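Chemist: okay, sequence plus prediction incoming.
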Amino acid sequence: MIADVRAMIAEFSLTVEDLFGGKRGAAVRAKKRTLAPKYRDPKTGATWTGCAHPPAWFPNAPNRNRFLIKD
């Protein structure tokens, strides 16, 4: 099947844009979103968004409010 598809792409001179639309298949790729940091280390200024695993400087204590970034 893959060989057949490759042959058709070559036969009709198709591009990624023809197949997937947009620039270089942009319609297929998911956009990454940037999250604002939620916590800051008061000693070093390092930040963390609160997603994924916490960094080493972030405590496992139940009260983490002192690390919150206040607007």
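Modeler: Good, I have the coordinates.
Chemist: what residues are up against the residue positioned nearest the centre of the chain?
Modeler: For the chain, residue 32 is the residue whose C-alpha lies nearest the centre (C-alpha atoms, centre = their mean; 3.6 Å). Not one residue lies near residue 32 by C-beta atoms under 8 Å, 6 or more residues apart in numbering. To be clear about C-beta, it is placed using only N, CA and C from the backbone, and glycine gets the same treatment.
Chemist: and it, that's in a strand?
Modeler: No. Counting by DSSP: H, G, I helix; E, B strand; the rest coil, residue 32 is not found in a strand; it is coil.
Chemist: residues near residue 39, how many?
Modeler: When neighbours are defined as other C-beta atoms under 10 Å, residue 39 has 19 of them.
Chemist: my read: it touches residue 48, true?
Modeler: Yes. Taking C-beta atoms under 8 Å as the definition, residue 39 is a contact partner of residue 48 at 4.6 Å.
Chemist: what sits in contact with each of the two?
Modeler: Joint contacts of residue 39 and residue 48 (C-beta under 8 Å, 6+ apart) are residue 58.
Chemist: next one: residue 59 from residue 41, what distance?
Modeler: Distance, residue 59 to residue 41, by C-beta to C-beta, to the nearest Å: 10 Å.
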